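> the following block contains a protein sequence and its predicted model.
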Amino acid sequence: MVSMPDLARAMREAAEGLFILRLGHELGEGYSSIVVPLLRSIRAVHDALSTERLGSGVYICMALDVGGSPEGGQGIAVDSAAQLMEQHDSSKPFTVLIEPSGFRMRVWRAAPQAASIDRFLVYRYLGAYRESFVAAGVEIGVPVVSGFPSFFSMPYFLELRDALLHHGRHCIRYSQCEIFARSWRDESRLVHLPKPEWLMRRSMQTHLRCSLRDHSDVTIMPEQNVDEAKRVDIKVTWMNSNRVGLIEIKWLGASAAVGADSFSQRYSAARAREGARQLIGYMDRYRAEAPHEEARGFLVVYDARRARLRPDSTSLSRDDALAYKHSEIDYYGLLGNRDDIDDPIRLFSFPVSAG
């Protein structure tokens, strides 16, 4: 049986073959000989850098003759994916020059100079579903594949985010996951039992193993070290790529033992912000330990906050039960300048009385 990623790759390779023929036809004989090495280099860049970090634009240029550059100066020579990642700055456009042999690259942290662009066949990616080839003033659009921000890149992190959102909608919102359901003190789903984190982690891990099951080469491991001292809740690794997802889990609300007259824990939005700070630290340490990997951080917040809740509560008014349903968390710009951390995901869980 062919897995979905293998099928997607096969379909993309077939589409690329047709697209190569189309490019050669539309560009003309003078360009056709450099289309294949350019496409090989485009795939290499997309394999090294995720589309999430290419929002400022990437321009990959194949020279039509020896000499010249699409930007001023000589650029920086790179010969590996790790060096390519090291030179990329997501806040700036990124230009890559491929020499006619197709085996050497030079990079600039700037867009190509307009005056020199006619000397190159240029591929440009300007964000999700916005990519094209330009030559001699002619622009040729790249086919759009639904769910693929780029025709040349697998959407690993997009698929992971979609799986986490699905986990919230179908497993957590009404406690339909049997593992997560065990975290509640009673059937009212107002208060968690003490230390519910491990059940949340187990619930997410189980869901991801099912939802990402079409990836035969993905591993999902709980409590993984990012260095000798710190552990992230879940690490997702795609074995045949340099992509790694690091997931930090936090929960909000209250926990108490059966019959207790006080909460064992009660967490507010400040706990989520603490998780954001932790994730920033994890990402910084992980990048230092594994600079060759394209890692992306995900903060997932399980939200069970209720208003006017007491340790012995077994019911609440609908307004109190749903007081925090739409209460998004302000991170005060903590994550605003991070290109390696996804937007936080809040999973609100409903009490029975408000279902």
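That came through fine.
> how many neighbours does Val134 have?
Neighbours of Val134 under the rule other C-beta atoms under 10 Å: 18. C-beta coordinates here come from the backbone N, C-alpha and C atoms, glycine included.
> for the helix or strand encompassing it, which outside residues touch it?
Using DSSP states H and E, Val134 maps to strand 131-135. Outside of strand 131-135, the residues within contact range by C-beta atoms under 8 Å, 6 or more residues apart in numbering are 23, 27, 31, 117-118, 120-125, 139-142, 150-152.
> buried ones among the residues you listed?
Those of the contacts of strand 131-135 that meet the buried threshold are 23, 27, 31, 117, 120-125, 142, 150-152, by 16 or more other C-beta atoms under 10 Å.
> break the chain into its domains for me.
Using automatic domain parsing, the domains assigned to the chain come out as 4-141, 156-354.
> now the longest one: average pLDDT?
It refers to domain 156-354. Mean pLDDT, computed over domain 156-354, is 94.
> could you pull out the helices for the protein?
4-27, 29-48, 81-87, 156-167, 178-181, 197-211, 269-289, 318-321 (DSSP state H).
> tabulate the buried ones among the contacts of strand 131-135 (a markdown table), appending distance to Phe263.
Shown next, in a markdown table, are the buried ones among the contacts of strand 131-135 (distance: C-beta to C-beta, whole Å):
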| residue | distance to Phe263 |
| --- | --- |
| Leu23 | 64 |
| Leu27 | 68 |
| Tyr31 | 69 |
| Ile117 | 64 |
| Phe120 | 64 |
| Leu121 | 65 |
| Val122 | 61 |
| Tyr123 | 57 |
| Arg124 | 55 |
| Tyr125 | 50 |
| Val142 | 55 |
| Ser150 | 48 |
| Phe151 | 52 |
| Phe152 | 52 |
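> circling back to that earlier point, check which residues of the strand holding Val134 are buried.
Across strand 131-135, burial judged by 16+ other C-beta under 10 Å covers Glu131, Phe133, Val134, Ala135.
> same deal with stretch 224-233?
For stretch 224-233, burial by neighbour count (16+ other C-beta under 10 Å) applies to Gln224, Val226, Val232, Asp233.
> quick one, what contacts the third one?
The neighbourhood of Val232, defined by C-beta under 8 Å, 6+ apart, consists of Glu223, Gln224, Val226, Leu246, Ile247, Glu248, Leu279, Tyr282, Tyr286.
> who does the second one form a beta bridge with?
For Gln224, the beta-bridge partners are Val232 (DSSP bridges).
> could you report the neighbour count for Arg271?
Applying other C-beta under 10 Å, we find 16 other residues in the vicinity of Arg271.
> quick check: closest non-adjacent residue to the residue most central in space within the chain.
Nearest residue to the geometric centre of the chain (C-alpha atoms, centre = their mean): Phe157, 3.1 Å. Once flanking residues are discounted, Phe157 sits nearest to Arg296: 5.0 Å by C-beta to C-beta, 6 or more residues apart in numbering.
> next, the angle helix 156-167 makes with the longest strand anywhere in the chain.
If you go by DSSP state E, the chain has its longest strand at strand 243-255. Using axes from the mean of the first three to the mean of the last three C-alpha atoms, to 10 degrees, the inter-axis angle of strand 243-255 relative to helix 156-167 is 20 degrees.
> what is strand 243-255 packed up against?
Other helices and strands packing on strand 243-255, by 3 or more C-beta pairs under 8 Å, 6 or more residues apart in numbering; DSSP states H and E, are helix 156-167, helix 197-211, strand 231-238, strand 265-267, helix 269-289, strand 294-303.
> in a markdown table, list the ones you listed along with distance to Arg104.
Formatted as a markdown table, these follow (distance: least, C-beta to C-beta, whole Å):
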| stretch | distance to Arg104 |
| --- | --- |
| helix 156-167 | 28 |
| helix 197-211 | 39 |
| strand 231-238 | 28 |
| strand 265-267 | 53 |
| helix 269-289 | 26 |
| strand 294-303 | 22 |
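> tell me which of these sits most buried.
Of these, the one with the most neighbours on average (mean count of other C-beta atoms under 10 Å) is strand 294-303, at a mean of 24.
> what's the angle from that strand to strand 243-255?
20 degrees.
> for strand 294-303, packing partners?
Using 3+ C-beta pairs under 8 Å, 6+ apart, strand 294-303 sits against helix 156-167, strand 243-255, helix 269-289, strand 345-348.
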